[in-house]
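Novice: I'd like to go over a predicted model; first the sequence, then the structure.
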Amino acid sequence: MGKAEDRPVYQCMYRLTMLILDARDKFPKGYRYEFGTELMMSAIRCCELIRYANSSLPRRVEYLNEFLVKFDTLKLLLRVCRDRKLINIQTTADIIEMVTSIEKQIIGWRNFTASQEKTASVKPEP
């Protein structure tokens, strides 16, 4: 099994995390510490879940489902940032592109893994 860092979804999630960190530094003080920290920690947790999914085949679908739940929270936080105009237009566009790509990759990975598990559990009768 390859390293999680080599997976395109991990690389994309890492770039998103870096964008979030850069954007957080420009938040007004009232949002930077509490709201910005929650946003940053959600992104880091998503990176962790990709690593866990990559290293644990028996629990991969579980980790990917957990990722999707945490990622929904991250998307909500990002939407609030956009609505409160905490993130500029160009950064918002970059984030939307990355979020869409990450979500498609994770759902595809989860569905592929689930179908492999289903195929492996169905044994042909002799």
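Specialist: Looks like it arrived, so ask away.

Novice: flag the shaky bits of this structure, pLDDT-wise.
Specialist: The chain contains residues with pLDDT under 70 at 1, 122-126.

Novice: next, the buried residues of the top helix by length along it.
Specialist: Criterion DSSP state H: the longest helix present in the chain is helix 89-121. Neighbour-count burial for helix 89-121, with 16 or more other C-beta atoms under 10 Å as criterion, is recorded at 91-92, 94-95, 98-99, 101-103, 105-106, 109-110, 113. Yep, even glycine has a C-beta here, placed from its N, CA and C like the rest.

Novice: go on, stretch 38-48?
Specialist: 39, 40, 42, 43, 46, 47, 48.

Novice: which of those residues sits closest to residue 18?
Specialist: Residue 18 lies nearest to residue 43 out of those, by C-beta to C-beta, at 9.1 Å.

Novice: quick check: that closest one touching residue 20?
Specialist: Yes - taking C-beta atoms under 8 Å as the definition, residue 43 is a contact partner of residue 20 at 5.0 Å.

Novice: re the thing from before, need the buried residues of helix 89-121 in TSV (columns: distance to residue 76).
Specialist: What follows is these, written out as TSV (distance: C-beta to C-beta, whole Å):
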residue	distance to residue 76
91	17
92	15
94	18
95	13
98	16
99	11
101	18
102	15
103	13
105	20
106	17
109	22
110	20
113	26
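
Novice: spit out the contact partners of residue 51.
Specialist: Taking C-beta atoms under 8 Å, 6 or more residues apart in numbering, we find residue 51 in contact with 4, 10.

Novice: distance-wise, check it relative to residue 45.
Specialist: Separation of residue 51 from residue 45 (C-beta to C-beta, to the nearest Å): 11 Å.

Novice: check residue 96 too.
Specialist: Counting by C-beta to C-beta - residue 96 and residue 45 are separated by 20 Å.

Novice: circling back: check which helices and strands the longest helix of the chain sits against.
Specialist: When contacts are defined as 3 or more C-beta pairs under 8 Å, 6 or more residues apart in numbering; DSSP states H and E, helix 89-121 sits against helix 8-24, helix 60-83.
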